[in-house]
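1. I would like to see how this sequence folds:
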Amino acid sequence: MNYKFRKRPVTIEAFQMTEERRWNNFDWPTWLHEAWNKQELSEGSVCIDPNDLERKRLSIRTLEGVMSVDWNDWIIKGVKGELYPCKPDIFQSSYEEVI
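-> Residues are numbered from 1 along each chain as shown. Got it, this is the predicted structure:
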C-alpha cells in the first residue's frame, strides 16, 4: 500500500492585501469585491475584522471559521470558490505565477 501522495497542481486566483490596497480598492479583483458586498460573516464574506478596534484590518469567513487578514497576506480564491488568507512566506513556497 502506498502512503505517499503529491498534491495535484491547481490554478488559483490570489490577491495580496496591503494597507494601501485596504483603503484603495481600485485594483481588487471582481471576486473580492463580491465577497466584500456579501452579508457580514456569511460564508465567503470579507469584512472589517471584529477584533480590530481601529477598524483597519479585514477578516474572511472561511469553512473553518473567521480568519484575520494581516497586511501582505494573500487572499486566495480556491478551486471551489472558497476564500482564505495565506501568509506571504507560505504563499511564496507553495505557488508560482501563471503567465
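
2. next one: phi and psi at residue 52?
-> When read as degrees, to the nearest 10, the backbone of residue 52 gives phi -100, psi 100.

3. so what pLDDT did residue 55 get?
-> In this model, residue 55 is scored at 87, pLDDT.

4. which residues sit in contact with the closest residue to it other than its chain neighbours?
-> Nearest non-adjacent residue to residue 55, counting by Cβ to Cβ, 6 or more residues apart in numbering: residue 48, 5.2 Å away. Bear in mind the C-beta positions are built from the backbone N, C-alpha and C, glycine included. Counting by Cβ atoms under 8 Å, 6 or more residues apart in numbering, residue 48 touches 55, 57-59.

5. ok, the spatially most central residue of the chain - contacts?
-> Note on the chain: the residue nearest the mean C-alpha position is residue 75, at 2.0 Å, using Cα atoms, centre = their mean. Contact analysis of residue 75 by Cβ under 8 Å, 6+ apart lists 14-17, 32, 46, 60, 69, 83-86.

6. Kindly give a single ChimeraX line that selects the buried subset of the residues you listed.
-> Selecting the buried subset of the contacts of residue 75 in ChimeraX, with 16 or more other Cβ atoms under 10 Å as the burial test, is done by:
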select :15,17,32,46,60,69,83,84,85,86
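
7. Fine, thanks again, bye for now.
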